[in-house]
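Participant: Task: produce atomic coordinates for the following.
(4 chains)
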Protein chains: 2
Amino acid sequence: MARDLMNFDELETRSRDVLREIVMQYVATGEPISSRSLARRGGFELSPASLRNVMADLEDLGYLSQPHTSAGRVPTDRGYRFFIDHLMKSRRLSQHEKDVIDERVSRADELDEVMHHASSLLSQLSNQVGLAFIPTLHHLVMRSMDFVQVGERKILCVIVGTNGVIVNQIIEIQDPPGREELLRISSFISGEFHGLALEIVRERMLNILEDERARHDTMLARTMRLGSEAVSEVLPHERELHLEGATSILDKPEFADAESMRKTFLAFEEKEKLVDILNRCLNEDGLQILVGAESQFTRNYNFSLIATRCGSASSPLGMVGVIGPTRMEYGRLAPLVDYIGKALSRKIEESGADNRD
Amino acid sequence: MARDLMNFDELETRSRDVLREIVMQYVATGEPISSRSLARRGGFELSPASLRNVMADLEDLGYLSQPHTSAGRVPTDRGYRFFIDHLMKSRRLSQHEKDVIDERVSRADELDEVMHHASSLLSQLSNQVGLAFIPTLHHLVMRSMDFVQVGERKILCVIVGTNGVIVNQIIEIQDPPGREELLRISSFISGEFHGLALEIVRERMLNILEDERARHDTMLARTMRLGSEAVSEVLPHERELHLEGATSILDKPEFADAESMRKTFLAFEEKEKLVDILNRCLNEDGLQILVGAESQFTRNYNFSLIATRCGSASSPLGMVGVIGPTRMEYGRLAPLVDYIGKALSRKIEESGADNRD
DNA sequence: GCTTGGCACTCTCCCGGATGGAGTGCTAAC
DNA sequence: GTTAGCACTCCATCCGGGAGAGTGCCAAGC
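Facilitator: Down below sits the predicted model:
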């Protein structure tokens, strides 16, 4: 990846200061930054002419670009990347902000709900598009599985994860067991498969079904059939990708014209690429920041993505984050996303502990 | 309402033909219609000059208007209304279309899912914004209520309606009953309150709780407390308003400029007005068509709404429909919405019958 | 050798005016 | 009642010019 080639030492102190200042001013104003405004508001003891020299160098190195000859400078993706890696000063969240977040996060119960709240909270606090992604449940570690009859041929299956995640799924079945038997099946499955990831649960169930024993034990066979049916229905669902506050980007000047507005909304409609990236990010620890051309989704739209995983690497719950124009306040948003991600992880962990009876 | 004043006889045959033709051409092209193009493509044996006279009359009566002096004519809301009430020729759906709809509708299971499918189907077939609205469940007639423990202090409550609707809700409770007791509670509640609307169920439960008997019967009190808690959690939720395919309107020429695009998306973001109208429409039988200024939501945005209720007046399941610019193909979309609404009602009715054991 | 003032150059944005085209309303003739 | 003709209005587009912003380069200064 190109990132490694960008040595911190490639830029001397003054150049770094200028780049930082340009990124910050540009993020604040949205206007290309001229040498003059840099001299005025940047706090440098230098004339515009001198700054122009520095800026020209930065442009040659690919950190800045000009929309046209007589315009000021704008950071390139590479410029943002250097800024994020080396120059950015993260603004710490105030106690008040933390309180608001903690309060909002604590309100919800179910995983889906928790994640919804998070994305709308993010969208509000960031003024960008908030995202919440809940991946497939292959890695969900099962605590219990219960069955409730809800129709002549319909059974509601409730799966509870050790991390507090609750999923339910309706399955149709030809002639369903009676109430007593459903209870027995619940107990048996919950006992037998407790502590295993759902994909393993499914595999084992199918193995048992094919096994010798099941041929002679119809009760066992019925149990495994019901259980594996339920798990099989639940597993393939790419759970959900939530985008919240798409209209907030309408206010950003970079999307003021009809054409880029159009493109932007079409980008959000077509979610596969984003899901793709988020799935990949699930394996990474800590905050992920992708700028513009660095990913399939953000490329072409001048988007950046800041996201983080909730839950541990071994049992990931999902991703939360924000999407916005590359011109976003990384210094403010990175800690924000980070904090919300951690708050969510904590919250879910607690409610998981709650369940460990 | 102004509609009643608009007597069919107010317009003579020729005027009606001209109005119909203008609406149809305008819907097809999106361009103001000139007397000349009307003469060429309208099938009238008249010169542009004669048509101009008719058009001037229609304008005086408020059915047409001109964007500016030297432009052609465009229907007003009043013009569309007359068209819809008296002139529109509904295009019947082809067998193929019906098959597609039936197939897609039959795929889903839960109410929410069914409605989602419907709205995205509508959006695809209509090329407009598809909507699905699931109102509060006050009128849901209960068939059964079951409880499953899913955490140390968490109980999942599953309510099944006689119409096949399944809702579940997690409630927290200080010291939850054991499994046996939960079963007893389920049986008791399902037996006692079967066939009643949820709002009535809640009311009765609260009455019993306050009643003499409950004071001495702790078992009964616990039951009612759990039950009423569950119902109270479920009831207030305005279930959901789904809008699907908002980007499809990006292609419409009336939203080509950035400003109206903006306004449009903000309109969709702010859903209260729409919910308001849909709630009101729930009491109306048959297809509802609202044009432009005829409702709070469609006014100001030049939207029209075509929607219909699923389910009966006594136990309404929700509304489905489409939203788009007033310039929409009423003749095609009205039967489409109607058919999908009926297909959904049928589907849910069937699965309700399924449940009536 | 770095810094800086000066200056010519470029590019965008905005404004005003001219032009062409589309469509109407009116009138007079059929 | 219908229609051809004509004057009129209004919009969309193009064009040229001027103002403004910002740069690059050069030569002078510290």
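Participant: how close does whatever residue of the stretch 51-200 of chain A ends up closest to chain B sit to residue B:87?
Facilitator: Residue nearest to chain B within the stretch 51-200 of chain A: residue A:151 (4.1 Å; CB to the nearest CB). (Each C-beta comes from the backbone N, C-alpha and C, glycine too.) From residue A:151 across to residue B:87, the span is 46 Å (CB to CB, to the nearest Å).
Participant: Name the residue in those two with the higher neighbour count.
Facilitator: residue A:151 (23 against 20; other CB atoms under 10 Å in any protein chain shown).
Participant: Regarding the more buried one, what are the backbone dihedral angles?
Facilitator: phi -180, psi 170 (degrees, to the nearest 10).
Participant: And for residue A:144?
Facilitator: The phi/psi pair for residue A:144 (degrees, to the nearest 10) is phi -150, psi 160.
Participant: With the one 3 residues further on instead?
Facilitator: The phi and psi torsions at residue A:147 (degrees, to the nearest 10) take the values phi -130, psi 140.
Participant: Next: residue A:300.
Facilitator: Here residue A:300 shows phi and psi, under degrees, to the nearest 10, equal to phi 70, psi -20.
Participant: What is the burial count for it?
Facilitator: Going by other CB under 10 Å, the residues that sit close to residue A:300 add up to 12.
Participant: residues touching whichever residue of the stretch 151-300 of chain A sits closest to DNA strand C, list them.
Facilitator: At 10.5 Å from DNA strand C, residue A:257 is the closest residue in the stretch 151-300 of chain A, using CB to the nearest atom of the strand. Neighbouring residues of residue A:257 by CB atoms under 8 Å, 6 or more residues apart in numbering or on different chains: residue B:258.
Participant: Equivalent analysis for residue A:106, please.
Facilitator: Residue A:106 sits in contact with residue A:347, where contact means CB under 8 Å, 6+ apart.
Participant: which element is it on?
Facilitator: Residue A:106 is part of helix A:95-107, with elements assigned from DSSP states H and E.
Participant: What's the first helix or strand after that helix?
Facilitator: Following helix A:95-107 in sequence, per DSSP H and E, is helix A:111-126.
Participant: Contacts (any at all) between chain B and that following helix?
Facilitator: No - figure legend: helix A:111-126 not in contact with chain B (CB under 8 Å from any CB of the partner chain); closest approach 9.1 Å.
Participant: can you count the residues close to the residue of chain A found nearest DNA strand C?
Facilitator: Closest contact between chain A and DNA strand C, by CB to the nearest atom of the strand, is at residue A:70 (3.2 Å). The burial count assigned to residue A:70 is 7, neighbours taken as other CB under 10 Å.
Participant: SS state for it?
Facilitator: coil (DSSP: H, G, I helix; E, B strand; the rest coil).
Participant: what's the answer for residue A:322, then?
Facilitator: From three-state DSSP, the assignment for residue A:322 is strand.
Participant: That one: what's it in contact with?
Facilitator: A:122-123, A:126, A:128-131, A:305-307, A:328, A:333, A:336-337.
Participant: Please apply the same query to residue A:41.
Facilitator: By CB under 8 Å, 6+ apart, the neighbours of residue A:41 are residue A:25.
Participant: Check what pLDDT it gets.
Facilitator: Per-residue confidence (pLDDT) for residue A:41: 87.
Participant: Show me how far the helix or strand of chain A with the lowest mean pLDDT is from its chain's centre.
Facilitator: Using mean pLDDT, DSSP states H and E, helix A:212-216 stands out as the lowest-scoring helix or strand of chain A, at a mean of 74. Remark: helix A:212-216 is offset 45 Å from the chain centroid, using CA atoms, centre = their mean, to the nearest Å.
Participant: Residues contacting it, please?
Facilitator: A:208, A:220-221, A:224.
Participant: Now compare these and name the two farthest from each other.
Facilitator: Greatest spacing in the contacts of helix A:212-216, by CB to CB: A:208 and A:221 (8.5 Å).
Participant: These two: which is more packed in?
Facilitator: Just comparing residue A:208 and residue A:221: by other CB under 10 Å the higher neighbour count belongs to residue A:208, 19 against 16.
Participant: What residues does chain A have near DNA strand C?
Facilitator: A:45-47, A:49-50, A:53, A:68-71 (CB under 7 Å from any atom of the strand).
Participant: what about 10 Å?
Facilitator: A:14, A:35, A:39, A:44-54, A:66-71 (CB under 10 Å from any atom of the strand).
Participant: Not counting residues beside it along the chain, what's closest to residue A:89?
Facilitator: residue A:331 (5.7 Å; CB to CB, 6 or more residues apart in numbering or on different chains).
Participant: Can you report how many residues lie near the one you found?
Facilitator: 17.
Participant: What average pLDDT does the helix or strand in which it is found get?
Facilitator: Taking DSSP H and E as the definition, one finds residue A:331 inside helix A:330-355. The average pLDDT within helix A:330-355 is 85.
Participant: Also stretch A:158-176?
Facilitator: Here the average pLDDT along stretch A:158-176 is 85.
Participant: That one vs chain B: in contact?
Facilitator: Yes - for stretch A:158-176 and chain B, the contact criterion (CB under 8 Å from any CB) is met by A:158, A:160, A:164, A:166, A:168, A:170, A:172.
Participant: Just the ones in strands from the residues you listed, please.
Facilitator: In strands, judged by DSSP state E, the following of these are found: A:158, A:160, A:166, A:168, A:170, A:172.
Participant: Would you map the strands across chain A?
Facilitator: Under DSSP E, chain A gives strands at A:64-65, A:74-75, A:129-134, A:142-151, A:154-161, A:166-172, A:240-244, A:288-291, A:303-311, A:316-325.
Participant: Using JSON lines, lay out these together with distance to residue B:281.
Facilitator: Converted to JSON lines, these look like this (distance: least, CB to CB, whole Å):
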{"stretch": "strand A:64-65", "distance to residue B:281": "53"}
{"stretch": "strand A:74-75", "distance to residue B:281": "50"}
{"stretch": "strand A:129-134", "distance to residue B:281": "31"}
{"stretch": "strand A:142-151", "distance to residue B:281": "29"}
{"stretch": "strand A:154-161", "distance to residue B:281": "30"}
{"stretch": "strand A:166-172", "distance to residue B:281": "29"}
{"stretch": "strand A:240-244", "distance to residue B:281": "27"}
{"stretch": "strand A:288-291", "distance to residue B:281": "44"}
{"stretch": "strand A:303-311", "distance to residue B:281": "38"}
{"stretch": "strand A:316-325", "distance to residue B:281": "35"}
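Participant: Looking at those, which is nearest to residue B:269?
Facilitator: strand A:240-244 (10.2 Å).
Participant: Quick check: neighbours of the closest one in the sheet, parallel or antiparallel?
Facilitator: Strand pairing for strand A:240-244, determined by DSSP bridges: strand A:129-134 (antiparallel).
Participant: got the contact list for the strand it pairs with?
Facilitator: Residues contacting strand A:129-134 (CB under 8 Å, 6+ apart): A:111-112, A:115-116, A:118-124, A:239-246, A:248-249, A:268, A:274-275, A:278, A:307, A:317-324.
Participant: Filter those residues down to the buried ones, PyMOL style.
Facilitator: Applying 16 or more other CB atoms under 10 Å in any protein chain shown to the contacts of strand A:129-134, the buried members can be selected in PyMOL as follows:
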select buried, chain A and resi 111+112+115+116+118+119+120+121+122+123+239+241+242+243+244+245+246+248+249+268+274+278+307+317+318+319+320+321+322+323+324
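Participant: circling back to that earlier point, what separates the residue of the stretch 151-300 of chain A closest to DNA strand C from residue B:262, distance-wise?
Facilitator: 11 Å.
Participant: does the residue of the stretch 51-200 of chain A closest to chain B really touch residue B:161, like I thought?
Facilitator: No - applying CB atoms under 8 Å, one finds residue A:151 not in contact with residue B:161, separated by 10.5 Å.
Participant: what is the orientation angle of the helix holding residue A:106 with helix A:111-126?
Facilitator: Here helix A:95-107 runs at an angle of 160 degrees relative to helix A:111-126 (axes from the mean of the first three to the mean of the last three CA atoms, to 10 degrees).
Participant: Report the angle between helix A:95-107 and helix A:330-355.
Facilitator: Going by the same axes, to 10 degrees, helix A:95-107 makes 40 degrees with helix A:330-355.
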